[in-house]
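>>> coords please:
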Amino acid sequence: MKTTKSFMGLLMALVPILLIGGLLLYLNHVRTSFFGLLDGAMGPTMFGLAAIGVVFILLFFLKLRKAATPPAPPSARAGDRVDAAVAETRSDFDADAAFARYMAKRDAGGTDPSGAPSQAFGNAPARPGGFGRKGA
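Residues are numbered from 1 along each chain as shown. Below is the predicted model of the structure:
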């Protein structure tokens, strides 16, 4: 399956290279058939087509290299690398224990372990009432 897919990919990568090469040959023939009258007009066009052709040739060689390299062993697949990376970045933070500490602290009346009242649990001073108006 992979060999057929890679072979068809290589053939399809050759199509634009052959088309651009044929067009360059045709334009070269047209340029020389008018005794040099079109040299100034055809030069930049042919240069641009050649640059695009070089890009397609590089893409073809990348596909060829990908098809020629053997497949990676199962241990080096992306899923295994992701699992190893996730295992390395895991922390020992326990969300359930943190929530239990929060609830115990809240039920204890809003005091932190030092015994001072905490303003984070409802003992904050009252705010002035009203939107945009001063309280009376």
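>>> list the buried residues for whichever strand or helix holds L64?
Under the criterion of DSSP states H and E, L64 resides in helix 39-68. Residues of helix 39-68 classed as buried: M42, L49, G53, F56, I57, F60, K63 (neighbour count, 16 or more other CB atoms under 10 Å). Where you see a C-beta, it was placed from the backbone N, CA and C, and this is true even at glycine.
>>> how near is the third one to S33?
Applying CB to CB, to the nearest Å, one obtains 22 Å for the distance of G53 from S33.
>>> repeat for the fourth one
The spacing between F56 and S33, counted by CB to CB, is 27 Å.
>>> which residue ranges form the strands in this structure?
Assigned by DSSP state E, the chain shows no strands.
>>> which residue ranges form the helices in it?
With helices called from DSSP state H, the chain shows them at 2-33, 39-68, 78-89, 95-107.
>>> show me what contacts the residue lying closest to A13 once chain neighbours are set aside?
Once flanking residues are discounted, A13 sits nearest to F60: 4.4 Å by CB to CB, 6 or more residues apart in numbering. Applying CB atoms under 8 Å, 6 or more residues apart in numbering, one finds that F60 lies in contact with L10, A13, L14, I17.
>>> and the second one, how many neighbours?
Counted by other CB atoms under 10 Å, the residues lying close to A13 total 17.
>>> distance-wise, check it relative to I52.
14 Å.
>>> that older thread, which one of the contacts of F60 is nearest M103?
A13 (62.8 Å; CB to CB).
>>> could I get the contacting residues of the closest one?
Taking CB under 8 Å, 6+ apart, we find A13 in contact with F56, L59, F60, K63.
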